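Asker: Pasting a predicted model and its sequence here:
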Amino acid sequence: MYEDCAPPGHSDAYMVANLDAYKSGQVAFQMNWYAFWPGVSKEDSDGRVSGFFANPCQNVCAATLGGQGISVVSYSDKQDLALEYMKWFAKPDIQQKWWDLGGYSCHMDVLGSPDFVDSAVYAQGFLDSMGIVKDFWQEPTFVELMLPMQERIHDYVVNGKGSAKDALDKIIDDWTEVFEDDGKI
């Protein structure tokens, strides 16, 4: 398995490496954001067959939504136009068009449509995931924790360096340093 959890500002390279590893057959299973499902499903014409599903339940049944929110800047002199756009974009017919074009809608009218599950090969997985979306508190040192984890896992899984235990031990050392620097341990 190859998982994409790229930190802000680094996502393109990590996502490309993740998708390339999957498409080239280096890994049989990968986890990625919904935004990439349409592209992966279209590329299955090369003989690969991809399945799409929600995160398997462990101690908690949960998925993160991901993506970018829309907001109105408080000091903008065009707040009225921004709000007008948001109202337009939130309309059920616009959200349906957004889904049809490969965007993701969480609008209940779109997800609840009788045709939704058959609208794309990944629609059921997306629908199942939307049923378990949870808001998670974000660790302020997320990037400082994620970068060494990605490096250590990538070195082991993709580059074949060391053992899984070595990679995990190095992650513990890296994380201990981050938490010590942050005054948490």
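Answerer: That came through fine.
Asker: Where do the helices of this protein begin and end?
Answerer: Secondary structure of the chain, counting by DSSP state H: helices at 11-23, 37-42, 79-89, 92-100, 108-111, 123-130, 142-157, 164-181.
Asker: Point out where the protein drops to low pLDDT.
Answerer: Applying pLDDT under 70 to the chain picks out residues 1-12, 14, 43-46, 65-68, 135-138.
Asker: Centre-most residue in it?
Answerer: Of all residues in the chain, the one closest to the mean position by C-alpha atoms, centre = their mean is residue 33, 2.6 Å from it.
Asker: Please verify my assumption that residue 52 contacts residue 121.
Answerer: Yes: contact status for residue 52 versus residue 121: in contact at 6.5 Å, counting by C-beta atoms under 8 Å. Heads up, the C-betas are built off the backbone N, CA and C, glycines and all.
Asker: Now list whatever residues contact both of the two.
Answerer: Common neighbours of residue 52 and residue 121 are listed as residue 41 (criterion: C-beta atoms under 8 Å, 6 or more residues apart in numbering).
Asker: got a list of what residue 113 touches?
Answerer: Residue 113 makes contacts with 96, 119, as judged by C-beta under 8 Å, 6+ apart.
Asker: Ramachandran angles for it?
Answerer: phi -60, psi 140 (degrees, to the nearest 10).
Asker: Relative to the whole chain's centre, how far out is stretch 123-139?
Answerer: From the chain centre to the centre of stretch 123-139 is a distance of 10 Å (C-alpha atoms, centre = their mean, to the nearest Å).
Asker: Pull out the CA atoms of it and give them to me as CSV.
Answerer: The C-alpha trace of stretch 123-139 is given here as CSV (Å, rounded to 0.1, in the frame of the first residue of the first chain):
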residue,chain,number,x,y,z
ALA,A,123,-19.7,6.8,-6.5
GLN,A,124,-20.6,4.1,-3.9
GLY,A,125,-17.2,4.5,-2.2
PHE,A,126,-17.6,8.3,-2.1
LEU,A,127,-21.2,7.9,-0.8
ASP,A,128,-20.1,5.5,1.9
SER,A,129,-17.2,7.8,2.9
MET,A,130,-19.5,10.8,3.2
GLY,A,131,-21.6,8.8,5.7
ILE,A,132,-18.6,8.5,8.0
VAL,A,133,-16.9,11.9,7.6
LYS,A,134,-15.6,13.3,10.9
ASP,A,135,-13.9,16.5,11.7
PHE,A,136,-10.5,15.9,13.3
TRP,A,137,-8.5,18.2,15.5
GLN,A,138,-5.3,19.0,13.6
GLU,A,139,-1.9,18.8,15.3
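Asker: Perfect, I'm done here.
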